[in-house]
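Asks: Structure for this input, please:
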Amino acid sequence: MSTPLKILLVEPSLILRSGMSSVLRRLTGFDMQVVESAGAEPLDELLAAETPDILLIAPAVADEETLTRLRRHPLRVVALQNALLDARLMQCFDAAVSIYDTAEQIREKLQSLGRARENESPQELLSAREKEIIVGVVKGLTNKQIAEELFISTHTVITHRRNIAAKLQIHSPAGLTIYAIVNKLVELNDVKRTIHPMEEQ
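Replies: Below you'll find the predicted structure:
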């Protein structure tokens, strides 16, 4: 890559943060800039100030709602994993780097994310959770119903929907329906309720 990949490393543990930072800086054949944070500052302010390509963050620092909000920023969010994580929370991340990964495994994961950012389409910008939200909208579910189905708050669903609209520049359920069909997120029979809502009343 012509410009260095900028990585913001957010980890409250000094030992883990210093260790991971040291490993990242020693990776060969990989042009990157690493910025460290203990996570004391608000994440939104950090991201605005640093504008990283990759946010490598300890899952303990941010809950699902915070991670959802971070999707407004054009970056990849990677979990710095030092324990087993809830599968639902893992869906908020684009990838995970484990403290047990070798230097080679870490380099491959980060390089892969860096290449993906250069060539990504709007479809690739969406997280797994955002795709689930789109499917819920296409099926005609309300924000509350989507929240109940995915075991998240209604506020989180609304934040996801704002982020989806910003990423895709699609601002209507009809537009999302077309997008979901074209990108094979749903089958045609899944959207019947959305297309013909009067038939089922």
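
Asks: Tell me how many other residues crowd Leu126.
Replies: The number of residues packed near Leu126 is 23, by other C-beta atoms under 10 Å. The C-beta positions use only the backbone N, C-alpha and C, and glycine is treated the same way.

Asks: Contacts only, for it.
Replies: Counting by C-beta atoms under 8 Å, 6 or more residues apart in numbering, Leu126 touches Ile134, Ile164, Lys167, Leu168.

Asks: average pLDDT across whatever helix or strand the third one lives in?
Replies: With elements delineated by DSSP states H and E, Lys167 resides in helix 154-168, which encompasses its position. What helix 154-168 shows for mean pLDDT is 85.

Asks: dump the residue contacts of the nearest residue to Arg71 once chain neighbours are set aside.
Replies: Nearest-residue entry for Arg71: Asn163, 4.2 Å, with adjacent residues in sequence omitted and distances by C-beta to C-beta, 6 or more residues apart in numbering. Each residue near Asn163 by C-beta under 8 Å, 6+ apart is listed here: Thr68, Arg69, Arg71, Arg72, Glu130.

Asks: And the contacts of Leu126, which is closest to Gln105?
Replies: Lys167 (28.7 Å; C-beta to C-beta).

Asks: The closest one - how many residues pack around it?
Replies: Residues within reach of Lys167, counting by other C-beta under 10 Å, total 17.

Asks: Can we start the residue count at 191 from this point?
Replies: New numbering, starting at 191: the last item is Lys357.

Asks: Could you give me the ChimeraX syntax to select whichever of the contacts of Asn353 are buried?
Replies: Applying 16 or more other C-beta atoms under 10 Å to the contacts of Asn353 leaves a buried subset, and the ChimeraX line that selects it is:
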select :258,259,261,320
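
Asks: burial of Ala238, as a residue count?
Replies: Ala238 has 10 nearby residues by other C-beta under 10 Å.

Asks: Can you say which helix or strand has it in it?
Replies: Assigned by DSSP H and E, Ala238 falls within helix 233-240.

Asks: Next secondary structure element downstream of that helix?
Replies: Downstream of helix 233-240, the first helix or strand assigned by DSSP H and E is strand 244-247.
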